[in-house]
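**Q** The following block contains a protein sequence and its predicted model.
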Amino acid sequence: MLRILCFVVATVASSMTFADVSAVYGFDDRSEEQRYQNLIAELRCPKCQNQNIADSNSPISKDMRNAVYQMMLDGASDQEIVDSLVGRFGEFVKYKPDLDSRTFMLWATPAIAVLGGLIVVAGIVVRSRRTGTAAPTLSAEEQARIDRMLAEKNRNGSA
C-alpha cells in the first residue's frame, strides 16, 4: 500500500512540474478573439528563428502577447499595435515588412531572379536557333559500316 501511495504522489508531483499555465485572455466576442489570434500569428518572435509569437514559448513572446492583449483592451487599432511592437523590437517582428528603401531588395530579389532566369533561357534558345541543330551527316564509309553492323545483327538475332 505504501508503494502505491508513493507512486501516486510521485506521479502527481512530476506532472505538476511540467505543467505550464498558458495565458487565458477574456474577450467580449468571437471577433475580438479572432483579431487577437490574427495579430499574434503575423508577428514574429524576436528570439526564435522563424516562429510567430502565437507558437513560441519564449518569455519575450509571452510579453508580446500580453502587450497585444493590453493594447487591444486600451482600444488600439491593429496598425497601432503592430507599429508599437515594430518600434520596440524592430522590423524583424513583421513577417511581411513594408516596401521602403531598406526592404526594396528583399521584395525585388524574387522578381530579379525570375527575370534573370527568363533572360538566360531566351539566350540559350536564340543561340541554339542561330547555330542550327541539324544532325551531322555521316560519310559514305561510316554509313556503310553501320549498314554492315545492322545486317550482321539481324543475321545473329534471327538465327
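**A** Here it is on my side, so go on. Numbers count the residues shown, from 1 in each chain.

**Q** Contact partners for the residue lying closest to residue 37 once chain neighbours are set aside?
**A** Nearest residue to residue 37, sequence neighbours excluded (Cβ to Cβ, 6 or more residues apart in numbering): residue 54, at 6.9 Å. The way it works is simple: take the backbone N, C-alpha and C, and place the C-beta from them, glycine included. By Cβ atoms under 8 Å, 6 or more residues apart in numbering, the contact set of residue 54 is 37, 40-41, 65.

**Q** ok, the residues you listed vs residue 144, which is closest?
**A** residue 41 (74.6 Å; Cβ to Cβ).

**Q** mind checking pLDDT for the closest one?
**A** If you check residue 41, the pLDDT there is 88.

**Q** Share the number of residues neighbouring it, please.
**A** 12 (other Cβ atoms under 10 Å).

**Q** which residues touch it?
**A** Here residue 41 is in contact with 52, 54 (criterion: Cβ under 8 Å, 6+ apart).

**Q** same thing but 10 Å
**A** 52-55, 95 (Cβ atoms under 10 Å, 6 or more residues apart in numbering).

**Q** For residue 58, which non-adjacent residue is spatially closest?
**A** Residue 58 sits nearest to residue 47 (Cβ to Cβ, 6+ apart), 4.6 Å away.

**Q** and that neighbour, that one's in a helix?
**A** No: assessed by DSSP: H, G, I helix; E, B strand; the rest coil, residue 47 does not belong to a helix; its assignment is coil.

**Q** How about the backbone phi and psi for it?
**A** The phi and psi torsions at residue 47 (degrees, to the nearest 10) take the values phi -90, psi -40.

**Q** Relative to residue 55, how far out is it?
**A** 12 Å (Cβ to Cβ, to the nearest Å).

**Q** which residues do those two both contact?
**A** Listed contacts common to residue 47 and residue 55 are residue 61; contacts here mean Cβ under 10 Å, 6+ apart.

**Q** What is the burial count for residue 53?
**A** Counted by other Cβ under 10 Å, the residues lying close to residue 53 total 26.

**Q** Checking the residue nearest the centre of the chain next. Helix, strand or coil?
**A** Central residue of the chain (Cα atoms, centre = their mean): residue 50, 8.6 Å from the mean position. Put simply, residue 50 is coil when judged by three-state DSSP.
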